[in-house]
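In: the following comprises the amino acid sequence and a computationally predicted model.
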Amino acid sequence: MNRRFFQFDRHGLGLALLLLIALFALAGPWLAGRAPFEQDLYGVLQAPGLHEPLGTDHLGRSMLARLADATRLSLGLALISVLTAAIPGTLLGLLAAWRGGWTARLIGTVADSVLALPGLLLVLLLSAFAPGAFWPLYVGLSLVLWVEYFRVTQATASVVFASGHVEAARLLGFGPGYVLWRHVLPELLPLLATLMSFGASAAVLALAAMGFVGLGAQPPAAELGLMMTELLPYAAEAPWIIASPIVVLTLATLALVLLSDAMQRRHA
Amino acid sequence: MMPDTLPLLRVDQLDISSVDGRLVGPVSFSLLPGRALTLLGESGAGKSLLAQAILGTLPRGLRAAGRIVVGRESSDSGDVRARRQHWGRALALLPQEPSLALDPTMRVGHQLSETHALVGGKPRTEAWQHTLKDLGALGLSHAANAWPSTLSGGMAQRVALAITRAGSAPVLIVDEPTKGLDPHWRDAIVAQLQDAMRQGCAVLTITHDIAVARALGGEVAVMRDGTIVEQASADTLLAQPQHHYTRTLIAADPLNWPRKPAAATGDEVIRATGLAKRFGAQNLFRQLDLSLHAGERVAVTGPSGSGKSTLGNILLGLIQADAGHVNQPGNVARVRYQKLYQDPTAAFAPRRTLGHALDDLCRRHRVDPARIAPLMQRLRLRPVLLTRLPGAVSGGELQRFALLRALLLDPVFLFADEPTSRLDPVTQKEVIDLIVDVTTERGCALMLVTHDRALGNAVAERQLVFGLG
């Protein structure tokens, strides 16, 4: 009883936090009333006040506007890279489980070789081709992340395909579509949902890490990791401005991890 | 009183209750050295709870009251600690399902030897010698270095029983020792228990297999809804049952079934010629010819692993034969060849309610959904079950749903693969009766796989007997 309540709480908390962050990302620019790149060199490193709720940075730009912009970028990237990894990964997993034999071996070998490559290294490699562009990040992250979806899908689906109830369904005249929809997906979706929220938090962190080492977004773009690098020299004078991207990053990761953890427990 | 007639275990006014009320009892009995007491009854009668209460391993939330006397020591049945010191040494349990009772990560010989050493208190080398002697006596010398997962159900059960006895406890409690075993292994387990009784053990057996009760002799107690409704010596009780429930239970034994009359037969629905199938190095069958006509019934019997199910799956086209042909008349749709599974819960999509699953089937084949209701009535299924998931109905009910599902497609051939081997005898009779009656009514050929020769004889005029090798 107690445990159930706690589970519900965890799930609800994660979801509420995520919605709050998304709301901030969408409503932030409107609240700030200034563009994120608009400088005001007469008002640098201002403390939070009525006029500037989160203060200004070293170039006098509105922290609220920049933070909201950066959050939107992070969540958007997380969503896109999760979808671009989950969809091909799941489809390939289903294909491998369905066909078996050399199809499964071939895809499995490709997946193994991707796994052998450290993810961040792949992203760095791609960034070297197109410095400052965003596409290497998307492509790099989904190239790394699809393997998980493939593995989980293949393992789960091949057990289900070999089960008595799928055999019974085929004898009863049901086609592959029905088997997929009613037999395989109900087993698979809770697992995929867990993976997707873990993947999203990994993507948010990866983007920030790339920005921090200067290979992701380029100035004057607002991005959480890049903002941390830019504001690091002013940490002693104005600790509140470097704190804000760190808090947002922590909360976003926390929300996604809470969500995936709750889903995992619910399924188990 | 002579010392050797002192009971090894005495249970006095034991009752088990949860917050919702009494589940079992009050029950009293005593176990004498060299004697058997068999508890008979269907699933849910509280037999296993009774064993757990005696050992002091009741699940959380259940309370036991009454006295339990082990040897000369009397204790309250709620006093778990008093009983714990007797585990393995005075009281030993053979749990249900040997596959769960054995440690999968430890070789068979080591598990047995460990019990000899740690529970029996023997030095290591002596324990190992005892292990080899025990395994040799069971004809399992080759299994000392085997992993439990490589043993068949029957072998694993013999090993589990040897481990149960290794602490030389005088009281053995065995829970469903022969569930799912074919007659060969059932007799082997019974012989092992009889051997224990000759050495002075008292055996408390929980079973729904009347053949086991008959073979063990001693006392038999029939349990229903948590109470013992009749208790007498095995000969008396099985020959002259007094309570009406005991009579139902005995009538449900396939040996006592009335033979089903042969049905009128029609056109040929399936013909197999020259079938052959190998499994590894073993020839399951060679040059097998079989022809079945509408309304005909054939029983396929034989030990586990002899290829009974494989034959049915070949007829249905689920497995390829190594040689030979299966002919189905061209004008009959393939979906009219149907199968019933040994474990019905594994034959339904686990997250689709039964009602939705049946609706899907009707939609797929443009069958009028109005046919479901009368069929449910015919198979004595309550409409409320349609809203449940397959895991939330009993095995007997689910097997009847599987039958209903097949009947919606007007089958001409039904392959029933041990459809009742996991059900208790009363439910088994009910399900088999329904399968036979509705297939006969509809002129559907039935091929029933079973390891119970008596069941096969009662159901079908034609028998196909498989041997090993």
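Out: Received, thanks.

In: do you know how far the spatially closest residue to residue B:436 that is not a sequence neighbour is from residue B:465?
Out: Of all residues not flanking residue B:436 in the chain, residue B:260 sits nearest, at 5.4 Å (CB to CB, 6 or more residues apart in numbering or on different chains). In this view, the C-beta of every residue, glycine as well, is placed from N, C-alpha and C. In this view, residue B:260 and residue B:465 are 18 Å apart by CB to CB, to the nearest Å.

In: more neighbours: those two, which one.
Out: Each of residue B:260 and residue B:465 has its neighbours counted (other CB atoms under 10 Å in any protein chain shown); residue B:260 has more, 17 against 12.

In: surely that one is within a strand?
Out: No - secondary structure of residue B:260 (DSSP: H, G, I helix; E, B strand; the rest coil): coil, not part of a strand.

In: residue B:254 is in contact with that one, correct?
Out: No - between residue B:260 and residue B:254 there is no contact, the gap being 11.5 Å when judged by CB atoms under 8 Å.

In: so what sits against both of these two?
Out: Common neighbours of residue B:260 and residue B:254, using CB atoms under 8 Å, 6 or more residues apart in numbering or on different chains, are residue B:458.

In: up against chain B, what does chain A have?
Out: With CB under 8 Å from any CB of the partner chain as the criterion, chain A meets chain B at residues A:163-165, A:167-169, A:171-174, A:178, A:182-183, A:186-187.

In: list just the nearest of the residues you listed to residue B:165.
Out: Within those, the smallest distance to residue B:165 is 36.0 Å, found for residue A:164 (CB to CB).

In: excluding chain neighbours, what is closest to the closest one?
Out: In space, residue A:164 is closest to residue B:346, 4.0 Å off (CB to CB, 6+ apart).

In: give me phi/psi at the one you found?
Out: Phi and psi for residue B:346, reported as degrees, to the nearest 10, are phi -80, psi 0.

In: for it, give me its contacts.
Out: By CB under 8 Å, 6+ apart, the contact list for residue B:346 reads A:163-165.

In: any chance of these in a markdown table with secondary structure as columns?
Out: A markdown table is the format used below for the contacts of residue B:346 (three-state DSSP):
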| residue | secondary structure |
| --- | --- |
| A:163 | coil |
| A:164 | helix |
| A:165 | helix |
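
In: quickly find the element holding the residue of the stretch 1-150 of chain B found nearest chain A.
Out: Taking CB to the nearest CB as the measure, the stretch 1-150 of chain B has residue B:61 as its residue closest to chain A, at 12.6 Å. Assessed by DSSP states H and E, residue B:61 sits outside every helix and strand.

In: that one touches residue B:18, doesn't it?
Out: Yes - in terms of CB under 8 Å, residue B:61 counts as a neighbour of residue B:18; the distance is 5.9 Å.

In: more neighbours: these two, which one.
Out: More crowded of residue B:61 and residue B:18, by other CB under 10 Å: residue B:18, with 13 against 8.

In: how near is the more buried one to residue B:24?
Out: Distance of residue B:18 to residue B:24, computed by CB to CB: 10 Å.

In: what is the least confident helix or strand in chain B by mean pLDDT packed up against?
Out: Lowest on mean pLDDT, DSSP states H and E among the helices and strands of chain B sits helix B:98-101, with a mean of 80. Secondary-structure packing of helix B:98-101 (3 or more CB pairs under 8 Å, 6 or more residues apart in numbering or on different chains; DSSP states H and E): helix B:153-166.

In: got the contact list for the helix it packs on?
Out: If you take CB under 8 Å, 6+ apart as the criterion, helix B:153-166 is touched by B:92-95, B:98-99, B:101-102, B:108, B:111-112, B:115-116, B:119-120, B:130, B:134-135, B:138, B:140, B:143, B:148, B:151, B:172, B:174, B:177-178, B:180-182, B:184-185, B:188-189, B:192-193, B:196, B:201, B:304.

In: the same query, at a cut-off of 6 Å, please.
Out: Residues outside helix B:153-166 that contact it (CB atoms under 6 Å, 6 or more residues apart in numbering or on different chains): B:92, B:94, B:98, B:101-102, B:108, B:112, B:115-116, B:120, B:134, B:138, B:148, B:181, B:185, B:189, B:192.

In: residue B:242: which element?
Out: Counting by DSSP H and E, residue B:242 is found in no helix or strand.

In: wait, I meant residue B:39
Out: Here residue B:39 sits within strand B:36-40, counting by DSSP H and E.

In: can I get that strand in PDB, CA atoms only?
Out: Written as PDB, here are the backbone C-alpha positions of strand B:36-40 (Å, rounded to 0.1, in the frame of the first residue of the first chain):
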ATOM      1  CA  ALA B  36       1.600 -42.800   5.500                       C
ATOM      2  CA  LEU B  37      -1.100 -40.100   5.800                       C
ATOM      3  CA  THR B  38      -2.300 -38.800   2.500                       C
ATOM      4  CA  LEU B  39      -4.200 -35.600   2.200                       C
ATOM      5  CA  LEU B  40      -6.500 -35.700  -0.900                       C
END
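
In: ok, then the element right after it?
Out: helix B:47-55.

In: so what does that following helix touch, helix or strand wise?
Out: strand B:171-175 (3 or more CB pairs under 6 Å, 6 or more residues apart in numbering or on different chains; DSSP states H and E).

In: how much does the strand it packs on deviate in direction from strand B:36-40?
Out: Angle of strand B:171-175 versus strand B:36-40, following axes from the mean of the first three to the mean of the last three CA atoms, to 10 degrees, is 20 degrees.

In: tilt between the next helix or strand after strand B:171-175 and strand B:36-40?
Out: Using DSSP H and E, the helix or strand that follows strand B:171-175 towards the C-terminus is helix B:183-198. Orientation check (the same axes, to 10 degrees): helix B:183-198 against strand B:36-40 gives 140 degrees.

In: since that was my last question, I'll sign off now.
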